[in-house]
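Participant: please find the sequence and the predicted model below.
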Amino acid sequence: MKSFLRLLLLITAFCCFHFTDTFAQKKKKYVVNAYVGGFRGLVNTEEIDADKLTHINYAFVNVQDSLAVLTNLATDSTNFRKLNELKLKNPDLQILISIGGWAWSENFSDAVLTPTSRLLFAKSSVDIIRQYNLDGVDIDWEYPAMRGEEGNVFRPEDKQNFTLMFKALREELNMLEKEKGRKFLLTAAVGGSKSFIDNTEMGLLQPYMDYIFIMTYDYGGKNGTVGHHTNLYGYGNSSDVSSADQSVKNFIAAGVPASKIGLGAAFYGKGWEAETGKNNGLGEKRIKSVPGGGYSKLKDSLINQNGYKKYYDKKARAPYLFNDSTKVLITYEDEKSVKDKCKYVKKHKLAGIFFWEYFNDPKEYLINEISRNLD
């Protein structure tokens, strides 16, 4: 009987060691961060492929009266519980709250204006993490010291207060780390423009940060023209065309280490009607914007269908569709462009990749490509 028990213990120990060793080998080297929209209500967490992610940023938490606020407590609390359950599939997965976003950034400037208001904001943000057993805070202020959505409050002092906000948040998270005995993350989604860098102190604030996610999408053409919205490189004859590559270079020059930078991928397309069909609409004057749609929808119903022909801009490393009869161009991300971004992450030793938004591609065409290329 003793021999049998000894054998059983040896087998159990071997299996545990083998499982741990195998799991360690599978742990991702690069960040793969998905923004998941909780603002719509309940999240279908059973449709999230947790094994292919390292982080989920829950979008969004609001800012009201200098506090981080859950505006729909019933669905938010349920979503946090269900997102945490994904750790049963992937124990390394980390869940962060993302505060702000395009629609909820109007009160940031007031919230971080004074030491007292900054402390209130930082404490309320970390209290959400503490209460729901989450893993960190992500800030998506669009934009400090610049106009974002119509009606947003912004002021020159935002430049310094942006830095002081992260300092206050880091101090609160440090206290939570001592309380809980584990690491908590502080990240930010930041605009990809040079003007964002000019209106912030990226070199001063980056020491407080774990990752800085550059929103290398929503570019478009210059001066009201039709252009790519999530291109990796510049294109055309202009030397100052926005691109992911230029954004990364600008942030590194501003003092952000490459190892902290996340490169953004768009899981949705953007559409514009061009004034003419010259050059398939690229560089032409915009007449109006039109719906683009998520990538699954684009791939299944528009690419080389319904009057849309697919083109690939080799210089920009970006696909686009053009409908010659309606003069509508749709700019988007596909498997090839995502693969190129993954190669770029590896080549330039960036932290990884992130994307907006998980459910824009429910068939997982793009997340599967990222998983194949960022292991």
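Facilitator: Alright, I've got the coordinates.

Participant: switch to C-alpha atoms for all contacts and neighbour counts from now on
Facilitator: Will do.

Participant: could you pull out the helices for the stretch 101-250 of the chain?
Facilitator: For the stretch 101-250 of the chain, the helices defined by DSSP state H, counting those that start in this stretch cover 108-111, 115-132, 158-180, 194-198, 202-205, 244-253.

Participant: out of those, which comes closest to Glu46?
Facilitator: helix 115-132 (19.3 Å; C-alpha to C-alpha).

Participant: mind listing residues that contact the closest one?
Facilitator: 66-69, 77, 80-81, 96-97, 110-112, 134-137, 164-165, 168-169, 172-173, 176 (C-alpha atoms under 8 Å, 6 or more residues apart in numbering).

Participant: which among those end up buried?
Facilitator: 66-69, 77, 80, 96-97, 110-112, 134-137, 164-165, 168-169, 172-173, 176 (16 or more other C-alpha atoms under 10 Å).

Participant: next, count neighbours for Ser193.
Facilitator: 20 (other C-alpha atoms under 10 Å).

Participant: Asp245 is in contact with that one, correct?
Facilitator: No - using C-alpha atoms under 8 Å, Ser193 is not in contact with Asp245; the gap is 11.5 Å.

Participant: how about Lys278, nearest residue that isn't a chain neighbour?
Facilitator: Glu284 (7.3 Å; C-alpha to C-alpha, 6 or more residues apart in numbering).

Participant: do I have it right that that neighbour meets Thr225?
Facilitator: Yes - proximity of Glu284 to Thr225 meets the contact threshold set by C-alpha under 8 Å, at 5.2 Å.

Participant: name the residues contacting each of the two.
Facilitator: Common neighbours of Glu284 and Thr225 (C-alpha under 8 Å, 6+ apart) are Ala274.

Participant: now Glu47: how far from Ser371?
Facilitator: Distance, Glu47 to Ser371, using C-alpha to C-alpha, to the nearest Å: 16 Å.

Participant: so which of those two has more stuff around it?
Facilitator: Higher neighbour count among Glu47 and Ser371: Ser371, with 16 against 12, using other C-alpha under 10 Å.

Participant: then the more buried one would be within a strand, right?
Facilitator: No - counting by DSSP: H, G, I helix; E, B strand; the rest coil, Ser371 is not part of a strand but helix.

Participant: residues touching it, list them.
Facilitator: Ser371 touches Lys52, counting by C-alpha under 8 Å, 6+ apart.

Participant: mind pulling up the pLDDT for it?
Facilitator: On pLDDT, Ser371 comes in at 97.

Participant: give me the buried positions along stretch 172-182.
Facilitator: Glu172, Leu173, Asn174, Leu176.

Participant: Lys183 touches Met175, doesn't it?
Facilitator: No - taking contacts as C-alpha under 8 Å, Lys183 lies outside contact range of Met175: 10.5 Å.
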